[in-house]
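Participant: Need a 3D model of the following:
(chains A and B)
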Amino acid sequence: MMKKVRKDELIVPVTFIVFSILCFFLSGISFMFLAEQVALRFIRNIILVLALIFPIMAGMGLNFAVVIGTMITQASFIIVLNFNLTGGRGAALVLAVSLVAAAGVGCVIGRLLNKVRGREMVTSIVVGFLANYIYQLIFVAGFGTVIHVFNKKLVLSTGIGVKNMVDLKTFKEVFDNLGVFRIGEAKISMLLLAMIIVCGFFVFYLMRTPLGQKIRAVGMSEGKSANIGIDTDRIRVIVIVLSTVLAALGQFVYLQNIGSLNVYTEHLDTEKFACAALLAGGASIRKAGVKNAFIGVVLLHTLFVLSPLAGRNAFANASLGEYFRSFVAYGIIAFALVVNLRLERKGE
Amino acid sequence: MDSKIKLPQIIITAFMAGLFVLAALLGMDIPELISGSFTKFVMNGVLVLAMIPMINAGVGMNFGLPVGIVAGLLGMCMAIQLRMTGIAGFLGAVALSVVPAVILGLIYAKILNMVKGKEDIAAIFIGYSFIPIMNFVWTVAPFTNREMLYPVGAEGLRPKISLENYFGSVLNELFVLKLGKISVPLGLLLAYAAVCLLVYGFFKTKSGSVMLAVGENEKFCQLSGIRIDRVRTTAIVLSTVIGAAGICVYAQTYGFVELYNAPLSHSFPAVSAILIGGCIGRQAKISHAVLGTYLYQTIYLLSAPIANAILIPQMSEIVRMIITNGIILYAFLKQERRRRQ
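Facilitator: Model (predicted):
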């Protein structure tokens, strides 16, 4: 039994490795360049992928609403910049505001998802889309009309609406000054690296505490958990709060590393790529672990870096490679849904 | 099912009326806006009708509308390749899209029948992952009509193919009736009415009533010997074919065939329109689609010039999408409450 499960888990990662090797030879780039690119993308995306683990273990499937956590962090950056707070103090404030706000919003999303049991995934997608447009409304129309602008550099020349691009260099410098870790050309702040390691351990450790046991139990069977006295509604809300907070933290690391913010597009599709990464690492929509997240991010992003280059080099058309990678990202989610739901139905 | 008009419809209708008043206050051309509302209504109407068979067979919302749309795009591309023009060209495009629609619909149905109970989420990702495959096809497909291809440099079909020399606005210009300043595109409305009647007629036939029964109570139908999966497959194929015809109507009004990622932007608005019309996700009537499409599209039509007038042009798109997603979320919550009762 144990062996068979392992085989199922291996199929997807092995497919990714095969395609990556193929693309690597087609692309004709150096291994060092690849390592540098993948390392950067790994640092930027890993925490968001970790954020997906709790909801999966609680039986809620892929939580596409993590995108809301990323938007909260972006909003915090803009708001803090609007008060002209820069440097270390500003960065600390951004972190504090975004984590607290993410916890609050996570609580609301959790309650909402408790009302749509059995359809959490599709609801989380719709909630994410809805939040995206509310976010856009705030920054396109709210800034300069309802919200007072203290920092004129943020808004368009009309005085209404935040610019497409906001510079975050003042925050990036703080982190870079505290020591960097170099991979080729890429610079990675030690502090961010420490945050990632802490997050990884946090998720790993939490699943082994009594709370983690309860989360697993709820994921196994809600009815049975309720019978042994677990407040399933509460556990599910906690899970979504943790997930949203981790997502907010993840976007903080992402933006710190990049040093600039595309206000309206930075967060788009991040949640789907995060889900694709986790699934690429051998997770399913019922079972996932820290290991899957770490392996998956490396595998997915290796393919993401390589496929446009392979397309350009082998077929003289980079867009073919891009189509291939979006197909992989979305296709793997569709594949996981179909396979898992089919197994569940057979099990019944 | 009670067909009484409920609170959401009243709110939306009041909102639309409010927008009309606002437009009038801003000194806009009301007769022109009303004429525009008819065109917009039919332009999107057939796409919304593509929701009905799937909802009625209990498969859920057709979030995989891009599958049907792609079939329609294939049909139109073939028609342009064959240089078909006028009304005959339009009908030819619809006819040519039926075969791909049936084939794609069968595959789509096969997948959806594997994921019973979670069709919504699966359909969304079937749509998402199908689009890059088609992007590949649009890039390498052997079409040779110069007007469809990228002008210079890049390979493949261009993202926006003009229908001006083929069958652009052939239905719009058919039998236009002038009522004072308002122009009513009778031909367009009649074509829409014909499609509505076809769908309505289908649900009066035997296989139509079987479909309704399956949507109503699947367990019971299974016990009475109905092959559920087959009925569901019929419904999904039907939805896909209507979706294909829907994009042909859309494109002839719009004047362009939009390829690549464009099909993705149609599914949520279409789902939301039928929900606005009063469908709560168990049984959909033609009236839901008609009312919903008119309300949804007219609000969108009115909000664009108003947003321009207050100098934030992106506002109308943002507000439209907030309404779209808000309505879908509301419907999910409402369906759940109903299930618990």
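Participant: Could you use CA atoms for every contact and neighbour count after this?
Facilitator: Fine.
Participant: For chain B, tell me whether stretch A:252-266 is touching it.
Facilitator: No - using C-alpha under 8 Å from any C-alpha of the partner chain, stretch A:252-266 never reaches chain B; the gap is at least 11.9 Å.
Participant: what residues are up against residue B:147?
Facilitator: B:161-162 (C-alpha atoms under 8 Å, 6 or more residues apart in numbering or on different chains).
Participant: can we see that at 10 Å?
Facilitator: Applying C-alpha atoms under 10 Å, 6 or more residues apart in numbering or on different chains to residue B:147 gives the contacts B:80-81, B:157-158, B:161-163, B:165.
Participant: Identify all contacting residues around the helix or strand of chain B with the lowest mean pLDDT.
Facilitator: For chain B, the helix or strand with the lowest mean confidence is strand B:176-179, at a mean of 79 (criterion: mean pLDDT, DSSP states H and E). Identification of contacts with strand B:176-179 by C-alpha under 10 Å, 6+ apart yields B:31, B:35, B:183-188.
Participant: Type out the PyMOL command that picks the buried ones from the contacts of residue B:147.
Facilitator: Buried subset of the contacts of residue B:147, written as a PyMOL selection, criterion 16 or more other C-alpha atoms under 10 Å in any protein chain shown:
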select buried, chain B and resi 80+81+157+158+161+162+163
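Participant: of all the contacts of residue B:147, which two lie farthest apart?
Facilitator: Between any two of these, the greatest separation by C-alpha to C-alpha is 16.8 Å, found for B:157 and B:165.
Participant: ok, back up a step: include distance to chain A when you put the contacts of residue B:147 into a markdown table, please.
Facilitator: Below are the contacts of residue B:147 laid out as a markdown table (distance: C-alpha to the nearest C-alpha, whole Å):
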| residue | distance to chain A |
| --- | --- |
| B:80 | 24 |
| B:81 | 23 |
| B:157 | 13 |
| B:158 | 13 |
| B:161 | 19 |
| B:162 | 23 |
| B:163 | 26 |
| B:165 | 29 |
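Participant: Greatest separation within the contacts of strand B:176-179: which pair is it?
Facilitator: B:31 and B:187 (19.0 Å).
Participant: Looking at the two, which is more packed in?
Facilitator: More crowded of residue B:31 and residue B:187, by other C-alpha atoms under 10 Å in any protein chain shown: residue B:187, with 17 against 14.
Participant: just the helices in chain B please.
Facilitator: B:7-25, B:30-49, B:52-56, B:65-81, B:86-114, B:119-140, B:186-202, B:206-216, B:218-223, B:228-254, B:267-276, B:286-309, B:315-340 (DSSP state H).
Participant: do the same with chain A
Facilitator: Counting by DSSP H, the helices of chain A are A:2-27, A:31-50, A:53-57, A:66-82, A:87-114, A:120-137, A:169-177, A:190-206, A:210-220, A:222-227, A:232-258, A:270-280, A:290-315, A:318-347.
Participant: so what's residue B:119 closest to, chain neighbours aside?
Facilitator: Among residues not flanking residue B:119 along the chain, residue B:112 sits closest, at 5.9 Å (C-alpha to C-alpha, 6 or more residues apart in numbering or on different chains).
Participant: One more: residue A:25?
Facilitator: residue A:310 (7.9 Å).
Participant: what's the distance between that neighbour and residue A:318?
Facilitator: From residue A:310 across to residue A:318, the span is 7 Å (C-alpha to C-alpha, to the nearest Å).
Participant: since we're on residue B:90, how many residues are nearby?
Facilitator: 27.
Participant: who's in contact with it?
Facilitator: So residue B:90 contacts B:75-76, B:79-80, B:84, B:96, B:166-171, B:245, B:248-249, B:251-252 (C-alpha under 10 Å, 6+ apart).
Participant: What subset of these is buried?
Facilitator: B:75-76, B:79-80, B:84, B:96, B:166-171, B:245, B:248-249, B:251-252.
Participant: List the contacts of the residue sitting nearest the centre point of chain B.
Facilitator: For chain B, the residue nearest the mean C-alpha position is residue B:47 (1.7 Å; C-alpha atoms, centre = their mean). Contact partners of residue B:47, counting by C-alpha under 10 Å, 6+ apart, are B:65, B:68-69, B:239-240, B:242-250, B:266-267, B:269-271, B:273, B:289, B:293.
Participant: rerun at 7 Å
Facilitator: Counting by C-alpha atoms under 7 Å, 6 or more residues apart in numbering or on different chains, residue B:47 makes contact with B:242-243, B:246-247, B:270.
Participant: what does residue A:248 give?
Facilitator: A:69-70, A:72-73, A:98-99, A:102.
Participant: Put together a markdown table for the residues you listed, with pLDDT and distance to residue A:37 on each row.
Facilitator: Below are the contacts of residue A:248 laid out as a markdown table (pLDDT from 0 to 100; distance: C-alpha to C-alpha, whole Å):
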| residue | pLDDT | distance to residue A:37 |
| --- | --- | --- |
| A:69 | 94 | 25 |
| A:70 | 94 | 22 |
| A:72 | 95 | 26 |
| A:73 | 94 | 24 |
| A:98 | 94 | 28 |
| A:99 | 94 | 28 |
| A:102 | 95 | 29 |
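Participant: ok, and the most crowded of those?
Facilitator: residue A:69 (33 neighbours).
Participant: what residues are up against it?
Facilitator: Per C-alpha under 7 Å, 6+ apart, neighbours of residue A:69: A:102, A:244-245, A:247-248.
Participant: from the residues you listed, which two are the most distant?
Facilitator: The distance between the two most remote of the contacts of residue A:69 (C-alpha to C-alpha) is 8.4 Å, for A:102 and A:247.
Participant: how about the residues of the stretch 101-250 of chain B near chain A?
Facilitator: Applying C-alpha under 7 Å from any C-alpha of the partner chain, we find that the stretch 101-250 of chain B lies next to chain A at B:114-115, B:120-122, B:125-126, B:128-129, B:132-133, B:135-136.
Participant: Which PyMOL command selects the buried ones in the residues you listed?
Facilitator: Only the buried entries of those go into this PyMOL selection, using 16+ other C-alpha under 10 Å:
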select buried, chain B and resi 114+115+120+121+122+125+126+128+129+132+133+135+136
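Participant: From chain B, how far off is residue A:181?
Facilitator: To chain B, residue A:181 is 37 Å away according to C-alpha to the nearest C-alpha, to the nearest Å.
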